[in-house]
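Asker: coords below, sequence missing:
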């Protein structure tokens, strides 16, 4: 039903700890602030970037670098190859650049940027675990004020990818709708769908934050709230999240997949991640990568699936 996900050989770690990033000396390292927030957060990422950022960091708006021609007008969908390449060119990124994404929450939107670059075949990409607040709390240097970096970034000639380098990393609505028709217990080719939304939204007992969108879940889905994969750090002067270690991630993901007791080796199955809009699904994708398990991401996620009247929606009521 789905093609098998290709094996990906990372030339750099997907997740960098603070001390690892601080030791990087190469001129090819490009730090990028990719902070994104839910509308209710009432935060302005670009304004925050000007207030404090990693030295030499550039800013990337994930909603700006997106497909603005989606038929359902969904936000931050994967861009076209042309838009992706143009964005890299403006940011001074080359194929040899080691791009390090971070956000102002710790681990929230950075995995989505990492997924995007990996999907277009840019292997030298990482996230900074703990992001900007962890960096600041540890006493590392920051820059403030209007950024002068953009004025000196040399525009590169980043080649336009022919298409998504790895089609196996992305799922369409048609593929997900077809997958929903068969049970993973009866068909080994049926992918397991891991949903990053909060339990109430998954179960259909709590409303979606987006008006008019019903809650519930795609058939044969498993609830894996993204925050269960993160450690929450609270300090008087800062709060942030970090991705848990591989042993913890394997236990959490394995427990979720074995909740019904009917799958012998769930990590050997095809896996697709989803969430509300494709943002936090990338956190599950990254967690799976950290334990050596390949997966794909349903880019539209619940916003695209639930908006279509033909979709089968399950609720635990």
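Answerer: That came in fine, so what should we check first? The structure displayed is predicted, hence computed values, not measured ones.
Asker: Shouldn't residue 122 be within a strand?
Answerer: No: read with DSSP: H, G, I helix; E, B strand; the rest coil, residue 122 is coil and lies in no strand.
Asker: quick one: it and residue 95 touch, right?
Answerer: Yes: between residue 122 and residue 95 there is a contact at 7.1 Å, judged by C-beta atoms under 8 Å. All C-beta atoms are positioned from the backbone trio N, CA, C, and that covers glycine.
Asker: neighbour-wise, which of these two wins?
Answerer: The neighbour comparison of residue 122 against residue 95 (other C-beta atoms under 10 Å) goes to residue 122, with 21 against 12.
Asker: For that one, which residues are in contact?
Answerer: Applying C-beta atoms under 8 Å, 6 or more residues apart in numbering to residue 122 gives the contacts 88, 93, 95, 99.
Asker: So which of the residues you listed are in strands?
Answerer: residue 99 (DSSP state E).
Asker: As TSV, the contacts of residue 122 with pLDDT and distance to residue 116 would be great.
Answerer: Below are the contacts of residue 122 laid out as TSV (pLDDT from 0 to 100; distance: C-beta to C-beta, whole Å):
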residue	pLDDT	distance to residue 116
88	95	11
93	94	12
95	91	15
99	98	10
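Asker: For the contacts of residue 122, which two are the farthest from each other?
Answerer: 95 and 99 (10.6 Å; C-beta to C-beta).
Asker: returning to that earlier point: among the contacts of residue 122, name the buried ones.
Answerer: Among these, the ones that count as buried by 16 or more other C-beta atoms under 10 Å are 88, 93, 99.
Asker: just the residues you listed now: which is nearest residue 79?
Answerer: residue 88 (10.5 Å).
Asker: Check the spacing between the residue nearest to that closest one when sequence neighbours are not counted and residue 89 real quick.
Answerer: Excluding the flanking residues, the one nearest residue 88 by C-beta to C-beta, 6 or more residues apart in numbering is residue 158, at 3.9 Å. Noted for residue 158: a distance of 5 Å to residue 89, by C-beta to C-beta, to the nearest Å.
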